[in-house]
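Peer 1: Could you work out the structure for the sequence below:
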Amino acid sequence: MVLHYERDDKLYVPVSNLFLVSRYSGGPSESAPIHKLGSGAWDKAKKKALLQIHDTAADLLDLYAKRSIQKGYSSKINLKDYDAFCEEFPFEETIDQKTAIEKVIQDMESSKPMDRLICGDVGFGKTEVALRAAFISVLNNKQVIVLVPTTLLAEQHFTNFSDRFAKWPIRVDEISRFKTKKQQLESLDRLNRGQTDIIIGTHRLIQSDVKFKDLGLIIIDEEHRFGVRQKEKLKSFRKNVDFLALTATPIPRTLSMAMEGLREFSIISTPPEKRLPIKTFVVNFSQGIINEAVSREFNRGGQVYFLHNEVNTIHFMYEKLSSLLPEAKIGIAHGQLKEKELEGVMQDFHQQRINILLCSTIIETGIDIPSANTIIMNRADKFGLAQLHQLRGRVGRSHHQAYAYLMVDEDRKLTSNAKKRLEAIQLMEDLGAGYHLAIHDLEIRGAGELLGDNQSGQMHEIGFSLYMEMLNKAIKHLKAGDELDLNASLVTNQEINLHTPMILTQTYCPNTNERLVIYKRFSSCKSQDDLSALKEELIDRFGLMPEQTNDLVTFHKLRIDISSTEIIKIDSNKKSTEITFQKNANIDPIKLIELIQSDHRFKMNGPDKIKILLEEENITKRVMFITKKIKELKV
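Peer 2: Predicted structure coming up:
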């Protein structure tokens with residue numbers, strides 16, 4: 001490998017090896033492992049990771065195999081009934097929402113069990129996708145379970161589902177701590193006898209006494225709030241059942257599985273009409289700011305959430321707010337309240353009998369109050385990124401401008417991860433930011449092991465990108481029946497040296513960072529079509545290419561052409577070219593002998609090298625000649 005550098009007006013880069021360099025995403029950058037060049041520690045770390053990756057790849061192949069032979073129920077759709085149900089939706093579907101619904105319908109019509117993740121921001125219409133899936137399943141005489149993380153969200157969904165299915169002969173039941181033990185047992189009995197079509201509830205629905213007559217669809221809302229073991233429990237009765245997960249900010253493991261194609265993935269990023277981004281501020285705790293924020297909301301007839309997530313001091317905060325805002329009607333809501341008390345406070349807030357809800361994170365999910373458009377979070381640095389996004393999503397659910405104040409204690413030093421979370425949530429206040437925040441979370445926390453319950457694994461050691469690249473290669477090797485070879489090169493590195501400057505000149509592309517991005521994009525091109533599209537884009541942006549940049553394109557044409565061959569190295573200058581093959585390369589020996597005998601410019605230079613005495617200064621013509629001869633030699 002030849003190292004290059006940038007100096008004066010010339011830019012030298014590791015053209016043939018730049019694609020080996022990628023951003024580290026395995027956890028906090030400050031804790032990323034650093035290895036000395038030449039020490040062997042990096043190779044040792046990669047080999048250790050490869051052993052673990054090989055086991056993961058074997059587990060994944062086993063999972064693929066089991067899924068491929070599983071037969072699910074192929075749902076039939078009565079278009080007349082389905083269209084009538086859709087017409088009851090009081091809003092216009094967004095483009096992404098329509099696409100997600102179509103994908104879910106395709107999955108349910110297929111004989112393969114559905115396993116789809118819907119990632120959509122708070123209030124972007126994920127529930128409507130779930131409602132239509134549930135409707136299709138029930139019309140096919142199947143039962144539906146809707147699993148949610150909190151009692152309040154169970155209540156919210158029960159209300160929504162009951163309203164939407166009110167005109168249809170569909171029975172919706174709910175199990176939550178707002179129901180008595182007797183009511184819960186009655187609901188479970190109806191479920192077991194098939195009298196209940198849709199059951200909505202919290203973790204109670206995962207317990208062993210929950211029996212179904214004919215389960216067809218499992219819907220998990222706020223999927224990121226459930227642990228690996230809880231999801232494993234669901235798998236015990238979902239072998240051939242359709243599975244639909246909804247989330248605003250998927251956890252890193254779920255996101256990485258979706259990105260790798262282990263799960264079907266739909267993103268709803270189109271906001272509803274007239275929805276405005278939530279203005280987000282990270283500020284030190286200040287009574288003046290609280291007073292200003294609350295007064296503005298009250299003046300337009302709105303309501304305020306004040307989040308204080310310490311139940312033992314929540315009454316002290318109540319006294320503080322009462323003296324600061326004497327005109328306010330304040331209610332307290334947290335998880336330690338009795339069921340009737342909590343239900344009463346939430347009803348009062350919903351009916352606008354109180355205008356400030358002083359609460360814990362119990363409001364994180366399931367609260368949909370359009371008149372509440374300001375949220376103040378005390379000690380916001382204590383919350384995770386997904387939590388911050390969910391809590392902020394409690395406001396901004398109408399056409400009014402919404403505000404989120406993330407307050408921190410100026411006397412306490414923030415951790416580096418807390419700073420990153422607050423910076424990310426403040427920067428990403430645009431509508432549809434949930435998916436991008438999940439990507440940030442992936443980088444801050446690391447991806448974790450795909451099939452286990454660890455949040456670290458070997459990903460931290462070598463980074464997410466390389467881990468996934470090695471995992472995909474391991475899967476291919478196992479599919480081909482190859483044995484694990486720890487001594488084999490972990491990354492295929494075909495070296496090409498054309499002995500000529502192949503660069504993006506400073507005069508052509510003045511910005512250094514932009515040039516590095518373009519180099520990376522060149523190296524990421526996997527086909528000649530990709531390369532042609534990038535070339536056209538550069539000409540459109542910067543004009544006709546200088547000779548050095550044209551030669552860079554030619555270099556990548558050759559790289560793509562030989563990527564599927566067993567060539568290790570091409571060293572070509574204006575007088576001669578040497579091609580080095582792997583040992584036992586798949587070359588037709590008869591074609592090689594015929595070529596050497598018919599063209600005296602060719603000769604063997606050792607058992608695995610061919611030398612070509614070709615005098616050609618034009619890089620493009622030289623590369624075309626080399627490519628043509630390589631194709632002729634292939635079996």
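
Peer 1: same for the host helix or strand of residue 540, what does it pack against?
Peer 2: In this structure, residue 540 sits in helix 528-542 according to DSSP states H and E. When contacts are defined as 3 or more Cβ pairs under 8 Å, 6 or more residues apart in numbering; DSSP states H and E, helix 528-542 sits against helix 512-524, helix 547-562. Using the backbone N, CA and C atoms, a C-beta is placed for each residue, glycine as well.

Peer 1: ok, then the element right after whatever helix or strand residue 146 lives in?
Peer 2: Under DSSP H and E, the secondary-structure element containing residue 146 is strand 143-147. Sequence-wise, the next helix or strand beyond strand 143-147 is helix 151-164, with elements assigned using DSSP H and E.

Peer 1: Could you check the angle that following helix makes with strand 143-147?
Peer 2: Helix 151-164 and strand 143-147 are oriented at 140 degrees to each other (axes from the mean of the first three to the mean of the last three Cα atoms, to 10 degrees).

Peer 1: what does the domain assignment say about the protein?
Peer 2: Taking automatic domain parsing as the domain assignment, the record places the domains of the chain at 6-19+491-633, 79-268, 279-430.

Peer 1: Ok, which of these comes nearest residue 58?
Peer 2: For residue 58, the closest of those is domain 79-268, at 14.5 Å, according to Cβ to Cβ.

Peer 1: show me where pLDDT drops low in the stretch 201-350 of the chain?
Peer 2: For the stretch 201-350 of the chain, applying pLDDT under 70 flags the ranges 224, 227-239, 249-263, 274.

Peer 1: can you give me the helices in it?
Peer 2: Listed in chain order, the helices of the stretch 201-350 of the chain (DSSP state H, counting those that start in this stretch) span residues 228-235, 252-259, 287-299, 314-324, 339-350.

Peer 1: got the CA positions of the helix holding residue 540 in PDB?
Peer 2: Taking only C-alpha atoms (Å, rounded to 0.1, in the frame of the first residue of the first chain), the coordinates of helix 528-542 have been written out as PDB:
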ATOM      1  CA  GLN A 528     -19.800   0.900 -13.700                       C
ATOM      2  CA  ASP A 529     -23.300   2.500 -13.600                       C
ATOM      3  CA  ASP A 530     -22.500   3.900 -10.100                       C
ATOM      4  CA  LEU A 531     -19.300   5.300 -11.400                       C
ATOM      5  CA  SER A 532     -20.900   6.800 -14.500                       C
ATOM      6  CA  ALA A 533     -23.500   8.500 -12.300                       C
ATOM      7  CA  LEU A 534     -20.800  10.000 -10.000                       C
ATOM      8  CA  LYS A 535     -18.800  11.200 -13.000                       C
ATOM      9  CA  GLU A 536     -21.900  12.900 -14.500                       C
ATOM     10  CA  GLU A 537     -22.600  14.500 -11.100                       C
ATOM     11  CA  LEU A 538     -19.000  15.900 -10.800                       C
ATOM     12  CA  ILE A 539     -19.100  17.300 -14.300                       C
ATOM     13  CA  ASP A 540     -22.400  18.900 -13.500                       C
ATOM     14  CA  ARG A 541     -21.100  20.400 -10.300                       C
ATOM     15  CA  PHE A 542     -17.500  21.400 -11.200                       C
END
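
Peer 1: What are the contacting residues of that helix?
Peer 2: Contacts of helix 528-542 from elsewhere in the structure, counted by Cβ atoms under 8 Å, 6 or more residues apart in numbering, are 508-509, 518, 521-522, 524-525, 545, 549, 553, 556-557, 560.

Peer 1: Show me which of these is closest to residue 207.
Peer 2: In terms of Cβ to Cβ, no member of the contacts of helix 528-542 lies closer to residue 207 than residue 524, at 48.2 Å.

Peer 1: will you turn the domains of the chain into TSV that also has distance to residue 481 and mean neighbour count?
Peer 2: What follows is the domains of the chain, written out as TSV (distance: least, Cβ to Cβ, whole Å; neighbours: other Cβ atoms under 10 Å):
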stretch	distance to residue 481	mean neighbour count
domain 6-19+491-633	17	15
domain 79-268	22	19
domain 279-430	41	18
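
Peer 1: helices or strands next to the strand holding residue 146 in the packing?
Peer 2: Using 3+ Cβ pairs under 8 Å, 6+ apart as the contact criterion, the elements in contact with strand 143-147 are helix 126-139, strand 198-201, strand 215-221.

Peer 1: one step back: could you redo the contacts of helix 528-542 as CSV and give each row distance to residue 89?
Peer 2: Formatted as CSV, the contacts of helix 528-542 follow (distance: Cβ to Cβ, whole Å):
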residue, distance to residue 89
508, 53
509, 49
518, 45
521, 41
522, 46
524, 41
525, 43
545, 52
549, 53
553, 50
556, 49
557, 51
560, 48
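
Peer 1: could you dump the residues you listed to TSV with distance to residue 148 and pLDDT?
Peer 2: What follows is those, written out as TSV (distance: Cβ to Cβ, whole Å; pLDDT from 0 to 100):
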residue	distance to residue 148	pLDDT
508	55	92
509	51	90
518	46	89
521	42	87
522	47	90
524	40	83
525	44	88
545	56	93
549	55	93
553	53	93
556	50	92
557	54	92
560	49	90
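
Peer 1: Name the nearest of those relative to residue 54.
Peer 2: Of all the contacts of helix 528-542, residue 54 sits closest to residue 524, with 25.8 Å by Cβ to Cβ.

Peer 1: And the closest one, how far from residue 163?
Peer 2: Spatial separation of residue 524 from residue 163 under the definition Cβ to Cβ, to the nearest Å is 49 Å.

Peer 1: same question, residue 378
Peer 2: Distance, residue 378 to residue 163, using Cβ to Cβ: 34 Å.
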